[in-house]
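>>> Take this sequence and fold it.
(chains A, B and C)
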Amino acid sequence: MKLKFSDVFFKGAVEYNPVVIQCVGLCPVILASTNLKDALIMSALILADLIINCFIASALLKKIPRAIRVAIYMLVSLLIVLPTLWFIGSKSLMTMSLAMRVCIPLVAVNSVTAVHCEQFAVKNNVRLALYDGIAAGFGVMFILVILGVLREIIGNGSILGYPLDLTFKLSGLLMPYGALVVLGFIAAISKAVFTGGQKQKPAEEKTTEETPAEAPAHEETVPEQIELDLNYVDNENDEYAYLLSSVNELIASFADDKEGGNEE
Amino acid sequence: MSGKQEKSAEGYSTARIFGDYLLMLLVPAVVSIYYYGNAALSTLMVCAFTALGCDILGSALITKQFYIKDTSAICSGIMIALMLPATAPLYVGALASAFAVIVIKVPFGGGKHAPFVPAAAGFASAAVCFKEYVFTYSGGRDGMVTRSLGATLHSGGSLRLTATTVIDILTGNFYGPMGTGCVIIFIACIVFMAIRRKNALITALGFIVSCAVIAVLFPRTNGTRLSSLVLEICSGSLLFTALFLMTDYATQPKHSINKILYGLFTGIIFMAMRHLGAYEEPACFAVLLGNAFSSFTDILAERLQVIFTSKKGTMEVKIDEA
Amino acid sequence: MKIIAGLFVTALYTIFVQNLVMCSGLGMSEAMRVASRPGTFIKFAFMISGFSTITSLLCSLIGSFTSLYTSYVVKATVYAVVLASVYIVAAAVIAVFTRDKELLGTLGIAALNTLVFAVPYINDTANYNLLRSIGSGLGAGFAFVLAAALIGSGAKKIEKNTKIPEIFKGTPAMFFYVAIISLGFMGFTGTTLF
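Down below sits the predicted model:
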């Protein structure tokens, strides 16, 4: 069964959102979402970075050793970041916040790209890799825009630089902890909407089906226990299983006190 | 720290623990109203009712359960109010209380299970958001000393310990957080807690001892070491923190050694922040870090226990289920 | 002595007073993922410290002895190329001498993350001299490990807490927990790094 873009998009951008579910790409999200303008610039950068890197990873890098691939992702990202910096220009850059000036080059090493390329793009065809890149990019964009709007309005009392007449401003929202609190609520709302707040029972309810070579039915195969893929090791499970590697599994890894804290 | 029991590990019901807190908080609340009048009363009411309202709302929306006897939200609200200046805008206290309940209490399953002290988190958030209001003291009765002890220490000044000054310190006749200045009250609260829940005082003791030692060894004032000790202990919300935040039911460790280490460690962070930090009164930030590091102090306590116990049982450290 | 003290103070500042992970979010995703493997903390501390220190040292030296840093674009390029080169050399050495695939995998995470790449920028913004840059680099690795350890202990507490409402279980509770630790660290400086 051929995967449709809508299936991949919904799962990659919303249900398994890179930021609030997978907890990747937190640094640019925290630093660049203090206002909407910076959030939009960062979203565009990350989206472009993901699409291009996923395409290249799937099309060209499958045979390259992993250790070299990750460096190539960084250098490819630089090819997107540097023209952006040049386009913005030194004068405009100096008017940007320090956080943004540092954050733009940091896109080259952001974890969203590495995770999605290593765990999906290199194991699938170009079409699916592109779908995944677009989905993840939009997933990050949703969060950045929501955060940017909220943090700028409530934290700074403005929107896109235009001041609003508010009684007070919560400047704490402009701090990293403010971003994390808002992310926590977004994650909770997302969980409530998609799971209905009910306890999930992934392994017992879902069954593994035979999947076509090209397009696995990812939504029907959910493994019971996903190892946090620290080393980006090949995951024997379903191709979309990596999307489940999130803080939930981090927490579950401490369930067994004997294993928690042990070296792999 | 199991949430499955109705009673705490200490054997007391949580209704009793928070009821005791409410009783103890009543006294500094009354004193704050005496010193700061209607402003203090308004702040107390707003904070308490905001916390309660957020708790009810959170319970209605999320957990679908609300325990009338669970007064932890009201306690948090009052604690926040007492650490604020009386002249802070009411929305500062309201937002701080809302933060404490909505971000700490409700998401972590209630005041009995939160990994951080809700009042500390709420106040810390207010301090970051509204620094200009939270550390500006004014509006007290005529006759009050208008420079807070914390400000004196922060600027490296000193105070001669005359009889008048000592009485002012004991009665809280200094500008400062509206409910944390009257030392006599806290001495009375210590006695009360010693009767009702003495094991909880171990943490407070560790906290005060470490602060006292650092105050003597590294004075911020240009006066004597004794004046440094008195000023540091009696200034700001140190005693209040020791009594109410450090003895928090959910975050306090179970065993005595753990409690002592937790108190000592938090005291060290607190004094480091007083010396190096950006805020005049960083107690809540120190408590939050102490809560975060409590797992490590527990590990250290276990190691120390291993060192001091022997296989033959010649010397055993009694582990009281505090 | 004064020189070493400056290095030490900068390192301590980077680890405790303005913890790079908790106060700015640098490397936070990686810290969350490493948190479940406490046995790897020491390895990560040394790798991240090593990469941060070497990268920032080389970037400082290039800046001192050349006039390459004519614009922000050039600076970003040089920093990135230096980091990538250091990583590739390290990977090559490990591949040739140890052939340890696991180590190679973790090397990528330790080297190519936002924390390591931000250290040269931090040193440049703060106008650190060479020794302070080294202190900052050394502190970065241990700041990362401290953050990962705190996050890991938080995950344990969250796992043991059976009273967390269903919608807050997992990621939401974790975000709140990390947020409050970040708030706690603000007691030192009252502001963020950037």
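
>>> Tell me where the stretch 51-200 of chain A has helices.
Along the stretch 51-200 of chain A, counting by DSSP state H, counting those that start in this stretch, helices occupy A:66-95, A:98-106, A:111-119, A:126-150, A:176-195.

>>> With respect to A:Phe5, which of those lies nearest?
Taking Cβ to Cβ, helix A:126-150 is the member of these nearest to A:Phe5, at 5.4 Å. In short, each C-beta sits where N, CA and C put it, glycine included.

>>> That closest one near chain B at all?
No - on the criterion Cβ under 8 Å from any Cβ of the partner chain, helix A:126-150 is out of touch with chain B, staying 14.4 Å away.

>>> Report the outermost residue of chain C with respect to its centre.
C:Lys163 (33.7 Å; Cα atoms, centre = their mean).

>>> For chain A, give me the ranges with low pLDDT.
Applying pLDDT under 70 to chain A flags residues A:1-2, A:196-264.

>>> give me the residue from it nearest chain B.
When Cβ to the nearest Cβ is the measure, chain A has its nearest residue to chain B at A:Gly172, with 4.0 Å between them.

>>> hang on, isn't that residue packed against B:Cys129?
Yes - in this structure, A:Gly172 is within contact of B:Cys129 by Cβ atoms under 8 Å, at 4.0 Å.

>>> Next, count neighbours for B:Leu52.
By other Cβ atoms under 10 Å in any protein chain shown, the residues close to B:Leu52 number 17.

>>> Next one: it relative to A:Val145, how far apart?
35 Å (Cβ to Cβ, to the nearest Å).

>>> same thing with B:Leu84?
As judged by Cβ to Cβ, B:Leu84 and A:Val145 stand 35 Å apart.

>>> higher neighbour count, these two?
B:Leu84 (31 against 16).

>>> thought the more buried one was touching B:Gly93?
Yes - using Cβ under 8 Å, B:Leu84 is in contact with B:Gly93, at 5.5 Å.

>>> what do the two both touch?
B:Thr43, B:Cys47, B:Ala126 (Cβ atoms under 8 Å, 6 or more residues apart in numbering or on different chains).

>>> Can you show me the strands along chain C?
Using DSSP state E, no strands are found in chain C.

>>> Contact residues of it facing chain B?
Residues of chain C lying near chain B by Cβ under 8 Å from any Cβ: C:17, C:149-150, C:153-154, C:156-158, C:160-165, C:167-168, C:172-173, C:176-177, C:179-181, C:183-191.

>>> ok, 7 Å please
C:17, C:150, C:153-154, C:156-157, C:161-165, C:167-168, C:172-173, C:176-177, C:180-181, C:183-184, C:186-190 (Cβ under 7 Å from any Cβ of the partner chain).

>>> and those, which of them are in helices?
Per DSSP state H, helices hold the following members of these: C:150, C:153-154, C:156-157, C:172-173, C:176-177, C:180-181, C:183-184, C:186-189.

>>> which SS state does A:Val24 fall under?
coil (DSSP: H, G, I helix; E, B strand; the rest coil).

>>> Quick check, it in contact with A:Ile46.
No - using Cβ atoms under 7 Å, A:Val24 is not in contact with A:Ile46, being 10.9 Å away.

>>> what's the overlap in contacts for those two?
Each of A:Val112 lies in contact with both A:Val24 and A:Ile46 under the rule Cβ atoms under 7 Å, 6 or more residues apart in numbering or on different chains.

>>> If we ignore the residues flanking it in sequence, what's nearest residue 117?
Since you didn't name a chain, this refers to chain A. Counting by Cβ to Cβ, 6 or more residues apart in numbering or on different chains, the nearest residue to A:Cys117 once its immediate chain neighbours are dropped is A:Ala57, at 4.1 Å.

>>> hm, I was asking about chain B
According to Cβ to Cβ, 6+ apart, the nearest residue to B:Val117 is B:Asp248 (4.6 Å).

>>> Which elements pack onto whichever helix or strand B:Ala121 is part of?
B:Ala121 belongs to helix B:118-129 when assigned by DSSP states H and E. On a contact count with 3 or more Cβ pairs under 7 Å, 6 or more residues apart in numbering or on different chains; DSSP states H and E, helix B:118-129 meets helix B:72-83, helix B:90-99, helix B:283-292, helix C:171-189.

>>> how about those helices, which one is nearest B:Phe244?
helix B:72-83 (5.6 Å).

>>> ok and the closest one relative to helix B:90-99, angle-wise?
Between the axis of helix B:72-83 and that of helix B:90-99 there is an angle of 140 degrees, by axes from the mean of the first three to the mean of the last three Cα atoms, to 10 degrees.

>>> Centre-most residue in chain B?
For chain B, the residue nearest the mean C-alpha position is B:Thr241 (2.2 Å; Cα atoms, centre = their mean).

>>> pLDDT value on the residue nearest to that one when sequence neighbours are not counted, please?
Leaving aside its sequence neighbours, B:Thr241 sits nearest to B:Ala283 (Cβ to Cβ, 6+ apart; 4.1 Å). In this model, B:Ala283 is scored at 96, pLDDT.

>>> same deal with the one 10 residues further on?
Per-residue confidence for B:Phe293 comes out at a pLDDT of 96.

>>> Got the phi and psi for it?
Taking degrees, to the nearest 10, you get phi -90, psi 0 for the backbone angles of B:Phe293.

>>> ok, it to B:Ser210 distance?
With Cβ to Cβ as the criterion, B:Phe293 and B:Ser210 are 14 Å apart.

>>> can you check C:Val34 too?
C:Val34 sits 31 Å away from B:Ser210, going by Cβ to Cβ.

>>> B:Asp70 now?
Counting by Cβ to Cβ, the gap from B:Asp70 to B:Ser210 is 32 Å.

>>> what's the pLDDT at the closest residue in space to C:Gly184 that isn't next to it in sequence?
In space, and not counting its chain neighbours, C:Gly184 is closest to B:Leu288: 3.5 Å by Cβ to Cβ, 6+ apart. On the pLDDT scale, B:Leu288 is placed at 98.

>>> so B:Leu288 makes contact with C:Phe185?
No - in this structure, B:Leu288 is not within contact of C:Phe185 by Cβ under 7 Å, at 8.7 Å.

>>> And these two? Which one has more around it.
Neighbours were tallied for B:Leu288 and for C:Phe185 using other Cβ under 10 Å; the higher tally belongs to B:Leu288 (31 against 23).
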